[in-house]
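> Sequence below, structure please.
(one chain, ligands or ions: 1)
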Amino acid sequence: MMKPISIFCILILALGYQSLLAQSLSIPLDSDPNRSATYHESIRFYQNLRKKYPSYVTIETFGNTDIGIPLHIVTISKRGNQKGKLVTLINNAIHPGEPDGVDATMIFARELLADKTKISLLDHQTIVIIPFFNIDGAFNRNSFSRANQNGPKEYGFRGNAKNLDLNRDFIKMDSENTKSLVQIIRRLDPQVFVDNHVSDGADYPYTMTLLCTMYENLGADLGDFLKNQYAQDLFKHMNDLNDPMVPYVMSNDNPFTGIYGFYDTPRYSSGYTSLFRALGLIPETHMLKPFKQRVLSNLNLLNVILQTNHSYRDQIQNTQKMQLEKDLTTDSLTLWWKMDKSKSDSLLFKGYLPKYKQSDVHLGQRLYYDKSETKTANIPFFDFYESSLKCKVPRFYVIPQAYSEVIQRLKMNGVTLNRLTKDTLINVQMSKINSYQTVKEPYEGHYLHYDINTTDFITAQKFYKGDYIVPTRQKAIKYIVQGLEPRSGDSFFAWNFFDGILMRKEYYSDYVFEDSAVEILKNNSTLKANLDNKIKTDTTFAKDFGAQLRFVYENSKYSETTYKLYPVGRIM
Ligand SMILES: [Zn+2]
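Alright, predicted model coming up:
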């Protein structure tokens, strides 16, 4: 039997060990190369980091997520005046099945604060970390949802609590997670945005690949700076670290035939931050490399970004300021870009040769990469886009207050809105939706519209007291135009916020309207001629008597004016 005094000693030792553990800055990866930190382990780590470096680290919580937990915001900065400091926001676990950034960012923060020589890099910049964005997905921990990925042993799931992919949620903002993050981003207004991922696709020797936000969409000056200076430095410094990095390998099976730049439209995190002129960087570690190797490569890139931001801090801020001035005075903005395949850069690429052999599963051929044959060659990198759809930028948009979900999103994005103080008839440009396509299967909780065509016309439109006037000449100009121009690929219209207008509310009985139609045609010779002409030239229409009657109805005073009338007015 133990003496009471020894039990007491053991208890003290055990408690001491527990509290040491509780304050430890170790992470699971330190002792197990295939283990990624859980949400709670990560938050505890940052709390310990704050305890150890209270003058550098602050932690706040903000908003909500679809699982009822707020987002954590970890800020690493030197005390004192923060004005004019470059802000880099590092977002992790937007796809919790791709957790490399979660662990890499913890090591990055730990090393940064422990290294006296590195601390000076915080003289002119602040690092803000979202440890987990998709907390709900991170709680859905499993070992199988990333079928092709080489570790870690456990990771979260891509879908959040509503089974949404949060990296498609930045315009529609269906999740509480995105509503929170968007408000955080707008408050911070980061100049550099890093969203950590793990790749899918081809096999090649590189551990780290990088996707930059589409240069053209960022604006001519800023896009040029990102492409030709900033990103070039990232690639060069990764090479110096003996961890060569290539642009994200988006290709058919054979990268040697060329790789393609990615068009991150505003639904994606980096496409969204690009509307506010942030340099969007998407590190994509290669899924087939061992977990620890990927994390260390992600860490290398974060260190390179920190150093590059320090070197370019003035140029980043000056170019962004210049781009903002240009954005604020531009007459027109691009709503849609298309790849210009006639142009490409030449990229030195080391890869494995793709080959085909008989499958052991099915009767067809299967792809494999022959790692015994490494080839180095210059390959075309198709990364040029040209504007394929533009619009004139109105001075103001006028939004009926009925569309409160749109208003809520504009407000969360820091858009300045004014309200009409009385009912007013305003001469505005309105749009009639002529035609559109809709996806056949639900896409991220919506039946997304695309190929949207409109006819624009000037009319005196009645708006009510309390309706919203949105001046476009503000910081959010590109966000406002992309969201409110119905033809834009990620407009609120495309995302179903205005679907009420796409259905008639009244109709007619054929047998009654037949008699009215006779009178209408008798008094409108132009309409009669148009009807006759359509019957002559359109064989389907010629056989469809109901369609002919409907043609008369739709071109008569009985047709509903609100049908397919996009309700947002433009003051040009
Ligand atoms: Zn991803």
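> what's the burial count for Phe256?
The tally of other residues near Phe256 (other C-beta atoms under 10 Å) stands at 16. Placement of C-beta: from N, CA and C, glycine included.
> surely it meets Thr376?
No: between Phe256 and Thr376 there is no contact under C-beta atoms under 8 Å: 10.1 Å.
> Common neighbours of those two, please.
349, 351 (C-beta atoms under 8 Å, 6 or more residues apart in numbering).
> Residue numbers of the stretch 1-150 of the chain in contact with the ion?
Selection of the stretch 1-150 of the chain residues close to the ion by C-beta under 5 Å from the ion yields 95, 98.
> Poorly predicted segments of the stretch 1-150 of the chain, please.
1-23 (pLDDT under 70).
> How about it: which residue is closest to the ion?
Relative to the ion, the nearest point of the stretch 1-150 of the chain is His95 (3.7 Å; C-beta to the ion).
> Walking through the stretch 451-572 of the chain, point out its strands one by one.
468-471, 565-571 (DSSP state E, counting those that start in this stretch).
> Leaving out chain neighbours, which residue sits closest to the one residue in the stretch 251-400 of the chain that gets nearest to the ion?
With C-beta to the ion, the shortest gap between the stretch 251-400 of the chain and the ion falls at Glu284, namely 7.2 Å. Leaving aside its chain neighbours, Glu284 sits nearest to Ser199 (4.2 Å; criterion: C-beta to C-beta, 6 or more residues apart in numbering).
> likewise Thr308?
Asp233 (5.0 Å).
> Work out for me the element that neighbour sits within.
If you go by DSSP states H and E, Asp233 is part of helix 231-240.
> what's the residue lying closest to Gly219 once chain neighbours are set aside in contact with, if anything?
Leaving aside its chain neighbours, Gly219 sits nearest to Gln323 (4.4 Å; criterion: C-beta to C-beta, 6+ apart). Taking C-beta under 8 Å, 6+ apart, we find Gln323 in contact with 218-219, 221-222, 277.
> which element is Gln323 on?
Per DSSP H and E: helix 291-329 holds Gln323.
> Can you list the buried residues in that helix?
291-306, 308-310, 312-313, 316, 319-320, 323-324, 327 (16 or more other C-beta atoms under 10 Å).
> Show the overlap between the residues you listed and what lies near the ion.
Within the buried residues of helix 291-329, nothing lies near the ion by C-beta under 5 Å from the ion.
> Minimum distance to the ion, which residue of the stretch 151-300 of the chain gives it?
For the stretch 151-300 of the chain, C-beta to the ion, closest residue to the ion: His197, 3.5 Å.
> Then the stretch 451-572 of the chain?
Asp490 (18.3 Å).
> My guess is that residue contacts Asp169. True?
No: applying C-beta under 8 Å as the test, Asp490 and Asp169 come out as separate, 11.0 Å apart.
> Among those two, which residue is more densely surrounded?
The neighbour comparison of Asp490 against Asp169 (other C-beta under 10 Å) goes to Asp169, with 26 against 23.
> Which of the three states applies to the spatially closest residue to the more buried one that is not a sequence neighbour?
Distance criterion C-beta to C-beta, 6+ apart; nearest residue to Asp169, sequence neighbours excluded, is Thr178 at 4.3 Å. Using DSSP: H, G, I helix; E, B strand; the rest coil, the structure places Thr178 in helix.
> what pLDDT does Thr178 get?
Thr178 is assigned a pLDDT of 98 by the prediction.
> Next: the one 5 residues further on.
Here the pLDDT value assigned to Gln183 is 98.
> residues near it, how many?
17.
> Wait, a strand at it?
No: assessed with three-state DSSP, Gln183 is helix; it does not lie in a strand.
> so who does Gly201 touch?
Contacts of Gly201 by C-beta under 8 Å, 6+ apart are 249-251.
> Quick check: it is in a helix.
No: Gly201: not assigned to a helix; according to three-state DSSP it is coil.
> OK, contacts around Lys392?
331-332, 572.
> What of Ile171?
Taking C-beta under 8 Å, 6+ apart as the criterion, Ile171 is in contact with 266-267, 272, 409, 482-483, 490-492, 495.
> Mind checking which of those land in helices?
272, 409, 482-483 (DSSP state H).
> For the residues you listed, give me CSV that also has neighbour count, pLDDT and distance to Thr421.
Formatted as CSV, the ones in helices among the contacts of Ile171 follow (neighbours: other C-beta atoms under 10 Å; pLDDT from 0 to 100; distance: C-beta to C-beta, whole Å):
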residue, neighbour count, pLDDT, distance to Thr421
Tyr272, 29, 98, 33
Arg409, 21, 98, 24
Gln482, 26, 98, 29
Gly483, 28, 98, 25
